[in-house]
Structures are given as structure tokens and as C-alpha cells.
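Novice: Quick check, what structure comes out for this input:
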Amino acid sequence: MFFNDPIAWGTTHGVSFTDSPIGCAIEHRLVEAFPELKGKQDMYMQITKELATNMGLIGNFSLQTMMTGPGTLTSRTTSLGKNFATFITDQGIA
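Specialist: Numbering: from 1, shown residues only. Now for the predicted structure:
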């Protein structure tokens with residue numbers, strides 16, 4: 001759900017993303033959202049690779065690409081991912 005709509009996810013889960021006028025990487029936003037991932041880069045890099053390559057739920061992007069702050073908070077899900085997010089939300093799973 002985080003990759004589908006990071007801002008809405010943050011609002012729902014009480015996460016306020018820091019302002020980043022200079023820019024940052026999506027990886028920074030992911031660790032802001034899930035602080036327990038700090039220091040576990042190998043794990044979350046593998047998970048995002050699986051979600052993109054094997055499952056097709058998110059686009060194929062680099063977590064480490066620097067971009068504007070607002071750019072790091074845009075949706076990264078594919079149409080399949082958006083449909084899956086809607087489905088699990090409607091089912092009360094997410």
C-alpha cells in the first residue's frame with residue numbers, strides 16, 4: 001500500500017514525511033515510513049525487486065535515484081498493483 005499512495009499511507013499510519021527541497025531517494029522515504037528497515041537495505045532491495053520483477057505490482061525503479069522531495073512520494077504501482085491494492089482494501093485486508 002505504501003508504494004501505491006505514499007502520502008495517503010502516511011496519513012493513515014501517522015507518518016509525516018520530512019520536507020526535502022533539495023531532494024532525496026525513494027529509499028529515504030521507505031525508511032521514514034518503516035524505521036525498522038534502517039540498516040536492512042539488502043532485505044528491502046530484494047523485496048522491491050520481487051514486487052517489480054516477479055509479481056509486477058510495482059514499476060521497475062531504483063530506490064536510490066535522487067529526485068525532488070515530492071517526486072519520491074508519487075505512486076510506483078502498476079495497473080495490476082493498483083487493482084490489487086483496491087481489492088485488498090475492499091476485502092478489509094489492508
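Novice: quick one: buried residues of the host helix or strand of Thr86?
Specialist: Assessed by DSSP states H and E, Thr86 sits inside helix 79-90. Under the neighbour-count criterion of 16 or more other Cβ atoms under 10 Å, helix 79-90 has Gly81, Phe84, Ala85 buried. For the C-beta atoms, the positions are set from N, CA and C on the backbone; glycine is no exception.
Novice: what's the answer for stretch 27-46, then?
Specialist: By neighbour count on 16+ other Cβ under 10 Å, the buried set for stretch 27-46 is Glu27, His28, Arg29, Leu30, Val31, Glu32, Ala33, Tyr44.
Novice: helix/strand/coil for Gly14?
Specialist: coil (DSSP: H, G, I helix; E, B strand; the rest coil).
Novice: and what of Ser20?
Specialist: Of the three states, Ser20 takes coil under three-state DSSP.
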